[in-house]
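>>> coords please:
(6 chains, ligands or ions: 6)
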6 protein chains.
Amino acid sequence: MFHHQKVLQYPAKPDKPDALFAKQMQEILGGQYGEISVALQYLFQGWSARGEEKYKDLIMDTATEEIGHVEMIATMIARLLEGAPVNEQEEAAQNPVIGAILGGMNPQHAIVAGLGPRPTDSNGVPWNAGYIIASGNMLADMRANINAESQGRLQVARLYEMTEDKGVRDMLSFLLARDSMHQNQWIAAARELEEKNGIIVPGSFPKELEADNFSHSLINFSEGEESKEGSWANGTAPDGGTFKYEEAPTAHGEKQELNPAPEYMYPK
Amino acid sequence: MFHHQKVLQYPAKPDKPDALFAKQMQEILGGQYGEISVALQYLFQGWSARGEEKYKDLIMDTATEEIGHVEMIATMIARLLEGAPVNEQEEAAQNPVIGAILGGMNPQHAIVAGLGPRPTDSNGVPWNAGYIIASGNMLADMRANINAESQGRLQVARLYEMTEDKGVRDMLSFLLARDSMHQNQWIAAARELEEKNGIIVPGSFPKELEADNFSHSLINFSEGEESKEGSWANGTAPDGGTFKYEEAPTAHGEKQELNPAPEYMYPK
Amino acid sequence: MFHHQKVLQYPAKPDKPDALFAKQMQEILGGQYGEISVALQYLFQGWSARGEEKYKDLIMDTATEEIGHVEMIATMIARLLEGAPVNEQEEAAQNPVIGAILGGMNPQHAIVAGLGPRPTDSNGVPWNAGYIIASGNMLADMRANINAESQGRLQVARLYEMTEDKGVRDMLSFLLARDSMHQNQWIAAARELEEKNGIIVPGSFPKELEADNFSHSLINFSEGEESKEGSWANGTAPDGGTFKYEEAPTAHGEKQELNPAPEYMYPK
Amino acid sequence: MFHHQKVLQYPAKPDKPDALFAKQMQEILGGQYGEISVALQYLFQGWSARGEEKYKDLIMDTATEEIGHVEMIATMIARLLEGAPVNEQEEAAQNPVIGAILGGMNPQHAIVAGLGPRPTDSNGVPWNAGYIIASGNMLADMRANINAESQGRLQVARLYEMTEDKGVRDMLSFLLARDSMHQNQWIAAARELEEKNGIIVPGSFPKELEADNFSHSLINFSEGEESKEGSWANGTAPDGGTFKYEEAPTAHGEKQELNPAPEYMYPK
Amino acid sequence: MFHHQKVLQYPAKPDKPDALFAKQMQEILGGQYGEISVALQYLFQGWSARGEEKYKDLIMDTATEEIGHVEMIATMIARLLEGAPVNEQEEAAQNPVIGAILGGMNPQHAIVAGLGPRPTDSNGVPWNAGYIIASGNMLADMRANINAESQGRLQVARLYEMTEDKGVRDMLSFLLARDSMHQNQWIAAARELEEKNGIIVPGSFPKELEADNFSHSLINFSEGEESKEGSWANGTAPDGGTFKYEEAPTAHGEKQELNPAPEYMYPK
Amino acid sequence: MFHHQKVLQYPAKPDKPDALFAKQMQEILGGQYGEISVALQYLFQGWSARGEEKYKDLIMDTATEEIGHVEMIATMIARLLEGAPVNEQEEAAQNPVIGAILGGMNPQHAIVAGLGPRPTDSNGVPWNAGYIIASGNMLADMRANINAESQGRLQVARLYEMTEDKGVRDMLSFLLARDSMHQNQWIAAARELEEKNGIIVPGSFPKELEADNFSHSLINFSEGEESKEGSWANGTAPDGGTFKYEEAPTAHGEKQELNPAPEYMYPK
Ligand SMILES: [Ca+2]
Ligand SMILES: [Ca+2]
Ligand SMILES: [Ca+2]
Ligand SMILES: [Ca+2]
Ligand SMILES: [Ca+2]
Ligand SMILES: [Ca+2]
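Ligands and ions are numbered 1, 2, ... in the order given. Below you'll find the predicted structure:
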């Protein structure tokens, strides 16, 4: 059960309107790695957690914070749109700067939302749940989370470069910090789990059922042997095995061919 | 540029038809973490790679292999459907086992594909590119790949439990091995990059622009302090900072409120 | 069965080309609340109607009209694109007004449709049937329709502000009128049904099976008690009950926790 | 900013496992009118609310509650899956009851989520933000909410019929009650706004700009005159106008025809 | 502008209820090549047609008919669901035949639509406009239509095999006939256009701007030379050129490599 | 199994950066008829092919080539983005040309991909597998392929008009040529199959089960008789039958009406 407090976790006040940046900022609200993604990913992971309580609590602590980040960015976008030159179409025909703004802004910010945020990415594609994962395997999910926070922080850093607005940058500097913490915490949790269950997910699948002569070979499917020199092709692998390099791929299977289809499937 | 060899990388021959398992196996073909996802994710990463050649080659080696895995699973599904009781509707009314198979199979395997594989997940949802990422940041992408191979191997392990077919299990044992290798290799590459650029993505964003008093605090947004005892709330963080635990969240921002909308947006 | 007449229900002639407005107008063609949505929503409701004939006829009268509205807007968009500066890329580099138009227009209007309308919203997202509902409950569907016509007329009003083209505005003034009628008619129908079956959908679910001590309480989940002063927190509720206000939420359930997963699901 | 409490708002304990019902119940979790939809719709409406504080507070009170309903249903689904016969494929070949369960269950509940809930509808289609609306017009949004709670309660009522499990029914009886309250409250709020701004959305669009001879006519586009006898074709309309009935549609426009396309669009 | 007649174009009466077939039949209603696809594809093509009137009329004749086919199949599905054992969950636990039906039916047919049709495919995936095309090139669109009617008739033929219901088969025999006519007519129209504008779309692109030494070569990218013996590798090509066969692909380009990214994109 | 060669099939080097064209070119990478579509469509067709080996080999030859075309276009887009004015937001406020570029470019090219290609269309909509078909009927699939190459070449021709960049045009001239070849080859293959199995797909459905008095009539559903004069309304049809023209549609069915719904579906 949740409770809501109306003061934001951190200020979300732009210095001035900027309809183009409002559009670009949608990426970290409703994009593949935006705040809706991490909020719902962590909620589903937390509600599905079946292991030790401390992981469940860590996930729910973070999930709940993330709903507040959705709130902060939604607020920032709404404020960036206050004062946007939406109905200056006529003037835009003469003034190329206004024209560029009108041509570049997200039309749904005006037509659909009346100057509010949208649950979409920076191109207007609606958020969908195919972006998130709660797998029932704690280490797999920690890795999903490390990835999400890495992609997320990368996008925030790029947005930071794309604006000069001090108010916007202030909020982004906070999000960068929280994304650092979240990378830190998921990495710490993953390391704990790797020590317990091994480096390969899932750790409990019986090794003898795996075709383990294929578990440590880098196979040269793309011409050129530059990849041969990496730490992934020689020496000890993270799971303790020994990396090998195969200079040319071998086809172990049979020809890819199928039997004729029955007549009632109308192959002709 | 690519070349194709008709012999499969590994045998894909089931012992007998199984229309229900054909449906379930679609998950690792066209699902969120299926083979289409890793193939296209690695291809886009490889084609976008701007750094050292050895990473690009590693990625392209693996991407190219994965197209061959799509081929293997597509072939297995087609063969599992050969002999499926598609047009025995009448008989199914009397025979509950046939009824359960007909009721449970993917109708598109018959109606749309004529007993072939579908580019969808196990519920028939078409694969879409919102599943994949090529970010232009090598460490971020290695983490995406570690995650993808972890989720993927987990799903293969579960499918292994859900069938007794020896031919199917043989192919799955091979995929489990390759997923082990791919986890190993991406982890090795990530470690290299972390040593060079630091543990936090992106490593080159200037630390002084981040609100760094928020970079190491776990904040207790979900009641209960179980998470306080984890390695993520005490001691040294992966990036070298020191973890803190905040027993109660603080709201640093202002009230979430907006100015009135202009009349031409028709708020009334 | 349907018949088609080639004269439009109302003129759809713009005064001059406007590729940006063509893009924006896509919202009321193929957006969430565009004409494709109401046309298909009403068609499915009409074909699924199992109650009194007069409702079915009302719905089919309106559904059939809406297909003609799709036609009008599709025509308007095609005509707004006639004469658009699609292939003046070179000139655009010098002329910022042309540049803004080219940069802002929907590229698919040229590349995919050759200056025709697209079955998408104003950001180019394809229309999908997740926008519509035909529930098999007449009052629920009337409410869906009241909502659709309200959102739709709101969007048309905003578009009216965003253009000065007299021909476009003339057509919009007609659509505004039809949306007024459709709001009026669905409200009238809903009132009839509410009188017959009660205000709460579905009206026939046995009241004694509902946990009715929770049926009239506003619970204060968001700090601040401003909502306490509304007509929804005091006095008689629309269904005849008495509204209550709960100053603090109560958790009636048990702790959110799950049993461990079986080993064959590979939780580790 | 949000806070989380681990005790559920209401108990979510089934009497026994039921993998088929777990699949069906997904509809009210991640379907078009499931709890994710209302939670996110209300959050976006609340964050975008620019009018009187009491509406914003009402919306945020309800939005916050709904996140807790997502939690309850997610928990119920996880518990319905505990003990599901996922890996009894072999036995299923002999036992048609187990076969029907295995054939009918959502494969992703096992393969992807390891016996956890999914952010999808009952057919496995991922939730997407095309289901929700926050329009910046308070009355339009209240109507969206009345519709959402009507569709939602209807679906809960149908699910109630489709199970005999007392624990499940107990939770559904609570959700039915809250949906009654939410219908009541949004209707009360809509009535207030209709009194202030008029019955037609948006209320502030200048009447003289509307082609108002078309604002009150029901036009007989579908053969048969049953709809002529309704309250929507005679007498006073909700907005105070007078309904008319047109026995035959008139085409007021010009022929639907377009000019030839320019050669550089390659029409041939 | 459209008019609606309530008598169906052809009878749509099943002999008896069949919830599983209702689910399967959704494919030709709301699937990739279902009737919604052809109806909307032809409507958009007709409204976008800029050439000779006779093509526009032909397309609109057919488009209008197809809306009536959507109506017939929607009606058939609704009637197949009348009497479906939706609420016999308890009984299903004992009776495997009922269990198989309940496990296999589309849950949304009951929960969402109350025994009505859904605007989705046979797996419950909502119809979307990414299935259709109106390109502004008449020959290209005729080819899209030939394809659509071929895929559509193939699916109807397969469904015919999957039921013994005489009423259903009678309607399918009509749809098979109309799909024959539609294949015939689009092929006839395509032949006319090919004679006028040439076999290659678009016919008016200047031949001298094409790298025409690559316009007639089949290149052997997949090992084995079986394809060398086809009519596509020897002799005169449909456009009048001469087919060639290249035994081994040649790479004409440069190495696939990119320049380093700028620092502000945070590649590290 | 596949192998990769790092030299491109054809050069992909633009003369200079062009962020707007990079956005537009996405259409032929990840749009409905882009290279991802043909690559995956042909792969699935090839892997599903159950007939003569020569067709399978032809399809796989082409499929494999198409993966290389995805590579070429992905490379071109990445290179068009090198040097794009992504972080010149401030300067753009003064310089309308830069403003138009920034306003018009795809924000994800910078924020998500760090100046790389995206697996989406020109509006940023992710590619999805609903675009492709592998039907298990060889002639149906050849027709899908003829359509895909026609739409694809049309889009390339339009893009050719929209740029003056010689490097870009050089690559497009190669793609135009390959699309000519692919149209040629699929048409040749379709003709072979039509000679063997007849012009109507599927050719093997028993003619006596079709309601063949409806197989050759064009019915005048859209007012006006222009379509009567086409080759599709008179004379011999492609399948050998005789075309007829019906001046007015006949409704052969019964009224579109349904029985009342059971109470447990809550129609009220
Ligand atoms: Ca290599
Ligand atoms: Ca906590
Ligand atoms: Ca409150
Ligand atoms: Ca009527
Ligand atoms: Ca070959
Ligand atoms: Ca006609």
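>>> residue A:237 touches residue A:230, doesn't it?
No. Here residue A:237 does not reach residue A:230: they are 11.8 Å apart, not a contact under C-beta atoms under 8 Å. No exception for glycine: its C-beta is placed from N, CA and C like everyone else's.
>>> common neighbours of these two, please.
Listed as contacting both residue A:237 and residue A:230 by C-beta atoms under 8 Å, 6 or more residues apart in numbering or on different chains are residue B:188.
>>> so for these two, which sits in the more crowded spot?
residue A:237 (24 against 20; other C-beta atoms under 10 Å in any protein chain shown).
>>> just give the nearest non-adjacent residue to the more buried one, would you?
residue B:184 (4.3 Å; C-beta to C-beta, 6 or more residues apart in numbering or on different chains).
>>> what's the average pLDDT for the helix or strand where that neighbour lies?
In the assignment (DSSP states H and E), residue B:184 maps to helix B:166-197. Mean pLDDT, helix B:166-197: 98.
>>> which other helices and strands contact that helix?
strand A:217-219, helix B:19-30, helix B:53-81, helix B:138-161 (3 or more C-beta pairs under 8 Å, 6 or more residues apart in numbering or on different chains; DSSP states H and E).
>>> would you reformat these as JSON lines and include distance to residue E:19 and mean neighbour count?
What follows is the helices and strands packed on helix B:166-197, written out as JSON lines (distance: least, C-beta to C-beta, whole Å; neighbours: other C-beta atoms under 10 Å in any protein chain shown):
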{"stretch": "strand A:217-219", "distance to residue E:19": "49", "mean neighbour count": "22"}
{"stretch": "helix B:19-30", "distance to residue E:19": "19", "mean neighbour count": "26"}
{"stretch": "helix B:53-81", "distance to residue E:19": "23", "mean neighbour count": "26"}
{"stretch": "helix B:138-161", "distance to residue E:19": "29", "mean neighbour count": "27"}
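>>> adding distance to chain E and mean pLDDT, write the ones you listed out as a markdown table.
Shown next, in a markdown table, are these (distance: least, C-beta to the nearest C-beta, whole Å; pLDDT from 0 to 100):
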| stretch | distance to chain E | mean pLDDT |
| --- | --- | --- |
| strand A:217-219 | 18 | 98 |
| helix B:19-30 | 10 | 97 |
| helix B:53-81 | 8 | 98 |
| helix B:138-161 | 7 | 98 |
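>>> relative to residue F:264, which of those is closest?
With C-beta to C-beta as the measure, helix B:19-30 is the member of the helices and strands packed on helix B:166-197 nearest residue F:264 (29.8 Å).
>>> touching chain F at all, that closest one?
Yes. Helix B:19-30 reaches chain F (C-beta under 8 Å from any C-beta of the partner chain) through residue B:30.
>>> what angle sits between that helix and helix B:166-197?
Angle between the axes of helix B:19-30 and helix B:166-197 is 20 degrees (criterion: axes from the mean of the first three to the mean of the last three C-alpha atoms, to 10 degrees).
>>> tell me if helix B:19-30 is near chain D.
Yes. Using C-beta under 8 Å from any C-beta, helix B:19-30 reaches chain D at B:20-21, B:23-24, B:27.
>>> before we move on, the earlier item: out of the helices and strands packed on helix B:166-197, the one nearest chain C is which?
helix B:138-161 (4.5 Å; C-beta to the nearest C-beta).
>>> and for residue A:242, the neighbour number?
9.
>>> residue A:213 now?
Count around residue A:213 with other C-beta under 10 Å applied: 10.
>>> repeat for the one 10 residues further on
Other residues within reach of residue A:223 by the criterion other C-beta under 10 Å amount to 16.
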